[in-house]
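Chemist: need a 3D model of the following:
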Amino acid sequence: MTQTEKSNTSPSDGSAPHVSLIKGFAPLANQYKGLICDLWGVVHNGQEAFPAACEALKTYRAQGGYVLLLSNAPRPSANVVTMLDRMNVPKDAYDDILTSGDATRDHLARLGDTTKCFYIGPDRDQGLLPNPDSQKGSEEEAEYILCSGLYDDETETPENYKELLERLFAQGLKMVCANPDVVVHRGEKMIYAAGALAQAYEKLGGEVRYFGKPHGPIYDAALERFAGLKNALGKSHLLAIGDGHHTDIRGAQGQNIDALFITGGIAAEHVGETPSKPNQEKLNTFCAEHNIAPQAAMPYLVW
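Modeler: Residues are numbered from 1 along each chain as shown. From the prediction side, this is the model:
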């Protein structure tokens with residue numbers, strides 16, 4: 001029986017499963033040859049890097065491990081590298097990056113320049129479209145919706161989009177969601193992401209195609225990267241690290257990949273009194289309620 005199979009087995013008495021709280025990554029690290037590591041909430045908070053997390057990844061790589069950063073950022077990985085450089089995430093903390101933006105852009109390229117979308121999202125993410133000038137259209141011209149986020153995530157909420165989404169749904173348009181995250185931290189603030197609008201559209205009855213965690217295609221692309229290494233790595237060699245219970249942990253679990261849950265991110269208020277001090281009982285209950293079974297949990301990624 002694998003580690004994942006063991007952890008996914010609930011106690012026979014019906015109580016919440018026990019999730020191991022660990023203080024450092026080192027004891028767990030030597031069990032895996034590769035990491036699928038989330039960015040936002042683990043390596044940085046949208047404004048600055050977490051130095052201890054970067055050092056942990058550097059140490060892991062120095063000992064022979066391979067680090068793939070897998071992000072739901074709705075922009076090509078080259079743009080994310082620039083952002084990481086700006087936040088002082090060291091180059092030697094990772095080997096490769098794959099984003100939901102990469103997967104989305106590949107899909108949109110196959111649609112061709114004549115298929116127009118109605119774009120919802122900030123200007124900075126229009127690089128998702130290989131040719132924005134010819135691939136963007138009005139509500140009336142659009143053949144589908146491309147959503148990368150809110151136009152202004154600092155001031156808006158999904159409620160601001162209610163009438164727009166209703167109009168688009170009435171046209172029978174399908175939505176392409178470039179970031180399944182519902183919320184993310186930006187500094188100390190929680191902001192809505194594209195996944196929140198996608199959920200609102202689904203509640204209307206709209207059809208959404210997601211690119212990113214927890215959905216299968218992004219993991220297929222990630223596993224191809226590991227399979228293509230000189231010393232190919234399969235699922236049993238990998239550990240996923242993330243703070244998103246619906247995205248990082250559930251996505252890994254769906255692929256039968258072990259996972260480390262970072263509790264100090266978006267789930268912090270549900271599992272402890274403060275982000276740095278998760279409560280064991282609350283953690284167990286939270287994981288049971290959300291049907292996730294990580295191999296271990298820790299407040300922040302530290303070695």
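Chemist: show me where this structure has its helices.
Modeler: Along the chain, counting by DSSP state H, helices occupy 3-7, 26-29, 51-62, 77-86, 100-111, 132-135, 162-170, 194-204, 216-227, 250-254, 268-271, 280-289.
Chemist: got the ones you listed as JSON lines, with distance to Phe261 columns?
Modeler: For every residue, glycine as well, the C-beta is placed using N, CA and C. Below are those laid out as JSON lines (distance: least, C-beta to C-beta, whole Å):
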{"stretch": "helix 3-7", "distance to Phe261": "11"}
{"stretch": "helix 26-29", "distance to Phe261": "12"}
{"stretch": "helix 51-62", "distance to Phe261": "14"}
{"stretch": "helix 77-86", "distance to Phe261": "23"}
{"stretch": "helix 100-111", "distance to Phe261": "20"}
{"stretch": "helix 132-135", "distance to Phe261": "37"}
{"stretch": "helix 162-170", "distance to Phe261": "32"}
{"stretch": "helix 194-204", "distance to Phe261": "19"}
{"stretch": "helix 216-227", "distance to Phe261": "17"}
{"stretch": "helix 250-254", "distance to Phe261": "10"}
{"stretch": "helix 268-271", "distance to Phe261": "9"}
{"stretch": "helix 280-289", "distance to Phe261": "8"}
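Chemist: tabulate the ones you listed in TSV, adding columns for mean pLDDT and distance to Gly242.
Modeler: Formatted as TSV, these follow (pLDDT from 0 to 100; distance: least, C-beta to C-beta, whole Å):
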stretch	mean pLDDT	distance to Gly242
helix 3-7	38	15
helix 26-29	96	14
helix 51-62	98	12
helix 77-86	95	16
helix 100-111	91	13
helix 132-135	88	30
helix 162-170	98	28
helix 194-204	97	14
helix 216-227	94	13
helix 250-254	97	8
helix 268-271	94	14
helix 280-289	97	14
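Chemist: so which of those is nearest Tyr144?
Modeler: helix 100-111 (8.2 Å; C-beta to C-beta).
Chemist: so which of the helices of the chain is nearest Phe118?
Modeler: Per C-beta to C-beta, nearest to Phe118 of the helices of the chain: helix 162-170, 6.5 Å.
Chemist: list the contacts of the closest one.
Modeler: Phe118, Ile120, Glu139, Ala142, Ile145, Met175, Leu197, Ala200, Tyr201, Leu204, Gly205, Gly206 (C-beta atoms under 8 Å, 6 or more residues apart in numbering).
Chemist: please spell out which residues along it are buried.
Modeler: Using 16 or more other C-beta atoms under 10 Å as the test for burial, helix 162-170 gives Leu165, Leu168, Phe169.
Chemist: which residues does the residue nearest to the spatial centre of the chain contact?
Modeler: The residue lying closest to the centre of the chain (C-alpha atoms, centre = their mean) is Asn72, at 4.2 Å. Contact analysis of Asn72 by C-beta under 8 Å, 6+ apart lists Trp40, Thr99, Ser100, Asn179, Pro180, Asp181, Ala193, Gly212, Lys213, Gly244, Thr247.
Chemist: please identify which pair of those lies farthest apart.
Modeler: Using C-beta to C-beta, the contacts of Asn72 span at most 14.5 Å, a distance reached by Thr99 and Gly244.
Chemist: which residues does the residue lying closest to Ala193 once chain neighbours are set aside contact?
Modeler: Nearest non-adjacent residue to Ala193, counting by C-beta to C-beta, 6 or more residues apart in numbering: Asp181, 4.1 Å away. Applying C-beta under 8 Å, 6+ apart, we find Asp181 in contact with Trp40, Asn72, Ala193, Ala194, Gly195, Gly212, Gly244, Thr247.
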